[in-house]
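Q: Return atomic coordinates for the entry below.
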Amino acid sequence: MSSKSLFAVLALIVVLALPFQAAQPAADDVFEGKVVSINDHAIMIMGNTNNDNKAFTVNMDTRITRNGKPGKLSDVQVGDKAKVSASGSGMNMIAKEIIANSPEGMRYVRTIWR
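A: Numbering: from 1, shown residues only. All right, here's what the predicted structure looks like:
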């Protein structure tokens, strides 16, 4: 096979592979901290590392657990520790999953695992 033919085949492979790479979903961002406010459709978390507040929109597709049990946004309380997996950027972060633990729930988990 000539070098021109080989180059053409490789170029075709690269061109065909591009749509498959673009179709892969972007990795979610994960943010951990303390819940500082909640409303009907959003939650704000103060980060553990830089004390930076980050707001997340919550929709019907957001999976929520509190103290290890499935829940709703109304179950999450200000002061809970939370881990939020989200997509988007800037002011348009959409929460995909919220895992919240009350301060009492965290003590319970530590007691069980000792």
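Q: now what about stretch 28-39, what contacts it?
A: 43-48, 53-54, 56, 73, 76-87, 93, 96, 100 (C-beta atoms under 8 Å, 6 or more residues apart in numbering). In short, each C-beta sits where N, CA and C put it, glycine included.
Q: Restricted to buried residues, select those in PyMOL.
A: Buried subset of these, written as a PyMOL selection, criterion 16 or more other C-beta atoms under 10 Å:
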select buried, resi 43+44+45+46+54+56+73+76+80+81+82+83+84+85+86+93+96+100
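Q: Quick one: low-confidence residue ranges for the protein.
A: 1-27, 105-114 (pLDDT under 70).
Q: Helix, strand or coil: sort out residue 89 for me.
A: Secondary structure state of residue 89, per DSSP: H, G, I helix; E, B strand; the rest coil, is coil.
Q: Now it. Its backbone dihedrals?
A: Residue 89 has phi and psi values of phi -150, psi 160 when expressed as degrees, to the nearest 10.
Q: Regarding this structure, what is its longest strand?
A: In the chain, assigned by DSSP state E, the strand with the most residues is strand 29-39.
Q: That one: partners in the sheet, and parallel or antiparallel?
A: strand 42-47 (antiparallel), strand 81-87 (antiparallel) (DSSP bridges).
Q: Could you export these as a markdown table, including distance to residue 69?
A: Listed next are the strands paired with strand 29-39 as a markdown table, based on distance: least, C-beta to C-beta, whole Å:
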| stretch | distance to residue 69 |
| --- | --- |
| strand 42-47 | 17 |
| strand 81-87 | 15 |
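Q: for the ones you listed, which one sits closest to residue 60?
A: Closest to residue 60 of the strands paired with strand 29-39 is strand 42-47 (C-beta to C-beta; 13.8 Å).
Q: ok, now which ones touch residue 83?
A: 30-32, 98-100.
Q: next one: residue 73
A: By C-beta under 8 Å, 6+ apart, the neighbours of residue 73 are 38, 40-41, 43, 58, 62, 64, 98.
Q: Would you mind checking these for buried ones?
A: Buried among the contacts of residue 73 (16+ other C-beta under 10 Å): 38, 43, 58, 62, 64, 98.
Q: farthest pair in the residues you listed?
A: 38 and 62 (12.5 Å).
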